[in-house]
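Colleague: sequence? don't have it. structure:
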């Protein structure tokens, strides 16, 4: 299909925009791709409504933005490791993403972005919150920025994945992904600095004492959840959210138990975070 005029409507001045006028069942032409990619970079997370895509169309859309990332442990659909299953129902004891985080930041090259398509949603509840890490960085005082800018932090996954997926894998504890990244990373496209620590994967700030690390991380984990940095997305059937993991964290609300929420996620590979 050729170019179709699309609309980009911001959810807030800080983060998030809804994109309309594009049918993701069709491959993106170059002009539409440029506009969608530009909206992602500008707004951090973009949303599409009424997109009845199938698995192959979902994968194709993700591949338009780069090679696909394979989650180190999460369940996939029909043996396809690039298509992550997202499912919660009355028998679930946990939900994916119910704490503030950036996807798989424990990888040496964490994902660039994630594309979540939900096709079964509860009548109420189940919103996803997104927080802008540019804004989180900008809101810090200059002395705090000076302290954090040269520091690195270790991101780990064994404490999380071993408990969640240990029965389904033969990995030993020291084989789960772990990496050291800058506390503040520079976005490779926008060139802007973004805070890059999260409560799920970031375990230790290096170059300071353990007590200092704990105090700094506790402060930062509260700081990134400031509602002034956020938007909130209300899901409907066949909605899609596409977020930039390099400058955005997200938190999926689990306030709809025992109702069902089901979909799939395609994740786009990224590069090593740089200062």
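Modeller: Yes, it's here. Because the structure is predicted, anything quoted here is derived from the model rather than measured.
Colleague: When you work out contacts or count neighbours from here on, use the C-alpha atoms and nothing else.
Modeller: Will do.
Colleague: Quick check: phi and psi on residue 270?
Modeller: phi -120, psi -160 (degrees, to the nearest 10).
Colleague: so is residue 212 in a helix, a strand, or just coil?
Modeller: helix (DSSP: H, G, I helix; E, B strand; the rest coil).
Colleague: which residues in the stretch 151-275 of the chain form helices?
Modeller: For the stretch 151-275 of the chain, the helices defined by DSSP state H, counting those that start in this stretch occupy 158-165, 210-223.
Colleague: ok, of those helices, where does mean pLDDT dip lowest?
Modeller: Note on these: lowest mean pLDDT is at helix 158-165, with a mean of 68.
Colleague: Pipe the helices of the stretch 151-275 of the chain into CSV and attach mean neighbour count per row.
Modeller: Listed next are the helices of the stretch 151-275 of the chain as CSV, based on neighbours: other Cα atoms under 10 Å:
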stretch, mean neighbour count
helix 158-165, 15
helix 210-223, 14
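Colleague: ok, the nearest residue to residue 262 once chain neighbours are set aside - how many residues close by?
Modeller: Counting by Cα to Cα, 6 or more residues apart in numbering, residue 87 is the residue found nearest to residue 262 once chain neighbours are left out, at 4.4 Å. The tally of other residues near residue 87 (other Cα atoms under 10 Å) stands at 17.
Colleague: Same question for residue 205.
Modeller: 24.
Colleague: residues in contact with it?
Modeller: 151-154, 183, 213-214, 217 (Cα atoms under 8 Å, 6 or more residues apart in numbering).
Colleague: Run through the stretch 1-150 of the chain and note the low-pLDDT ranges.
Modeller: The model of the stretch 1-150 of the chain has pLDDT under 70 over residues 1-4.
Colleague: where exactly do the strands run in it?
Modeller: 7-10, 17-20, 45-48, 76-77, 80-88, 113-120, 128-132 (DSSP state E, counting those that start in this stretch).
Colleague: Generate CSV for these, with distance to residue 197 as supplementary columns.
Modeller: What follows is the strands of the stretch 1-150 of the chain, written out as CSV (distance: least, Cα to Cα, whole Å):
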stretch, distance to residue 197
strand 7-10, 26
strand 17-20, 24
strand 45-48, 18
strand 76-77, 27
strand 80-88, 24
strand 113-120, 16
strand 128-132, 12
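Colleague: List just the one of those strands that sits closest to residue 145.
Modeller: Comparing those against residue 145 with Cα to Cα, the closest turns out to be strand 128-132 (16.5 Å).
Colleague: And that closest one, what does it pack against?
Modeller: strand 230-233, strand 248-252 (3 or more Cα pairs under 8 Å, 6 or more residues apart in numbering; DSSP states H and E).
Colleague: hmm, back to that, the strands of the stretch 1-150 of the chain: which one's closest to residue 160?
Modeller: strand 80-88 (16.9 Å).
Colleague: Could you list the paired strands of the closest one along with their orientation?
Modeller: Its sheet considered, strand 80-88 pairs with strand 76-77 (antiparallel), strand 261-268 (antiparallel) by DSSP bridges.
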